[in-house]
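In: next input, structure requested:
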Amino acid sequence: MRTALRGAALIGSVTAATVLTCGTAGATPPGPGVTARTITERTVGGTDYTLREITIPPGQSTGWHFHDGPLYGVVRQGTLSHFDSSCASDGVYGAGRRIQEPAGPGNVHIGRNLGDTPVVLEVLYVLPHGSPFSEDAANPGCSFQ
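Out: As a prediction, this is how the structure comes out:
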């Protein structure tokens, strides 16, 4: 969390927020209603620091994906169920819990909202300049999306 807070401080003051829908994932798209709101962003050297609010409605997921840089987040509302490419749960995160996601195609994962309230996350993306927020990945053979 300290890293996320330092990264957020690096970003500077909050700019006007832009509401965006998560990018389409060709292999396993995010579920209907999954949205992201960019709070603020800044590039330092060759690294983009972007703070976003992600909302996952009940019964929906992020789709299978990975990131080109690490992510640091906190669950603000709801419960996020996180699964790795072996189809096993690698964490269940309730409100106030921190989550970190390592970089690279060897870290394919999915976030699912198995509850009955929206999951709201605050996420700091630390990505090489110009990288997308996530890279699509095929379902690794799990019985769920």
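
In: okay, strands next: where are they in the chain?
Out: Residue ranges of the strands in the chain, as given by DSSP state E, are 18-21, 35-44, 47-56, 65-66, 71-77, 80-84, 89-93, 98-101, 109-112, 119-128, 135-136.

In: let's check: the centremost residue of the protein is which one?
Out: When C-alpha atoms, centre = their mean is applied to the chain, the residue found nearest the centroid is residue 123 (6.1 Å).

In: my read is that it contacts residue 54, right?
Out: Yes - between residue 123 and residue 54 there is a contact under C-beta atoms under 8 Å: 5.8 Å. Bear in mind the C-beta positions are built from the backbone N, C-alpha and C, glycine included.

In: find residues that contact each of the two.
Out: Common neighbours of residue 123 and residue 54, using C-beta atoms under 8 Å, 6 or more residues apart in numbering, are residue 73.

In: please pull out the lowest mean pLDDT helix or strand from this structure.
Out: strand 18-21 (a mean of 34; mean pLDDT, DSSP states H and E).

In: dump the strands of the chain to CSV, plus distance to residue 142.
Out: Below are the strands of the chain laid out as CSV (distance: least, C-beta to C-beta, whole Å):
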stretch, distance to residue 142
strand 18-21, 24
strand 35-44, 23
strand 47-56, 17
strand 65-66, 13
strand 71-77, 21
strand 80-84, 7
strand 89-93, 11
strand 98-101, 17
strand 109-112, 8
strand 119-128, 19
strand 135-136, 15
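
In: which stretch in those strands has the least confidence?
Out: Mean pLDDT per stretch puts strand 18-21 lowest among these, at a mean of 34.

In: residue 117 contacts residue 77, doesn't it?
Out: Yes - counting by C-beta under 8 Å, residue 117 does reach residue 77; the two are 6.6 Å apart.

In: looking at the two, which is more packed in?
Out: Each of residue 117 and residue 77 has its neighbours counted (other C-beta atoms under 10 Å); residue 77 has more, 15 against 12.
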